[in-house]
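Asker: Have a look; sequence and predicted model below, questions after that.
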Amino acid sequence: MSDLYWLTEEQMVRLRPFFPKSHGRPRVDDRCVLSRIILVNRNGLRWQYAPQEYGPQKTLCNCWKRWSAEGIFVRLRDGLAAGRADHQTIMIDATHLKAHRTASSLRAKKGNAGRLIGRTKGGMNTELHAVTDGSGRKLSFFMTAGPFSDYTGAAALLESLPAAKWLLADRGYDVDWCRGGLEEKGIKPCIPGRKFRTTLVSYDRRKYRRRNRIETMFGRLKDWRRVATRYDRCPIVFFSAICLAATVMFWL
């Protein structure tokens, strides 16, 4: 049975404070449940194809959906990252995540923003906007439908940026309001100027080379098959899969 666990007891000690307390009947083993959740998301499996030693499929699937709705996996990422990130240099970028046909319904229900899936030249996609620390570890995310520009993610993440000295980004973020917002927060932008600018923008080319770390992070994130290809219709559940992958890879 120990070979089925993806997490050690030492790691679970750090994770348990972020899980809800059980009331009444004792809950199933969190380590076992979380191991199956990781297995399914990491390998892109259906719930019924995971080993039965983890327990009933319905119980574990319900735990995944309930914990996602309660924001457990967002709290895991935020709690473990607190105080450990390198905020001197931060980076921002975005990537497209392919939506499988089973998740690509565009119909929005009344009162919500829909599936956060849109049609692009590459098909149906969700766009993930991310801010990382200087080591390429994720600090915050924002999810939009595929056709949205990088500006949308930058506007959403600008207010929540941590205190930093530098921000690295590509030309897609070269807009005056973004540069002005960064300077108001005391952050120096290291962003190449767009080609149509009439005045040249200077930036630290040597420091800008470190931006490949956020590209590497996106590559590692897409090693999780249920993140690289979106099978979940519910955007909250899909966002939880992204947070879980980032927690396991960068903060445990």
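Answerer: The structure has been received and is ready for your questions. Residues are numbered from 1 along each chain as shown.

Asker: Would you state the helices of the stretch 101-250 of the chain in chain order?
Answerer: Here the stretch 101-250 of the chain has its helices, by DSSP state H, counting those that start in this stretch, at 150-158, 176-184, 205-208, 212-221, 225-228, 235-246.

Asker: Report the mean confidence score over the first one.
Answerer: The average of the pLDDT scores along helix 150-158 is 85.

Asker: Please apply the same query to the fourth one.
Answerer: When the per-residue pLDDT values of helix 212-221 are averaged, the result is 94.

Asker: I'd like to know how far residue 84 sits from residue 75.
Answerer: 15 Å (Cβ to Cβ, to the nearest Å). No exception for glycine: its C-beta is placed from N, CA and C like everyone else's.

Asker: Between those two, which has more neighbouring residues?
Answerer: Shown here are residue 84 and residue 75; by other Cβ atoms under 10 Å, residue 75 has more neighbours (16 against 11).

Asker: The more buried one: what secondary structure?
Answerer: helix (DSSP: H, G, I helix; E, B strand; the rest coil).

Asker: Surely it and residue 18 touch.
Answerer: Yes. Counting by Cβ atoms under 8 Å, residue 75 touches residue 18, with 4.8 Å between them.

Asker: Show me the common contact partners of those two, please.
Answerer: Counting by Cβ atoms under 8 Å, 6 or more residues apart in numbering, no residue touches both residue 75 and residue 18.

Asker: if we can go back for a sec, deepest in the core, which of the helices of the stretch 101-250 of the chain is it.
Answerer: helix 235-246 (a mean of 23; mean count of other Cβ atoms under 10 Å).

Asker: now the angle from that one to helix 212-221?
Answerer: Counting by axes from the mean of the first three to the mean of the last three Cα atoms, to 10 degrees, helix 235-246 points 110 degrees away from the direction of helix 212-221.
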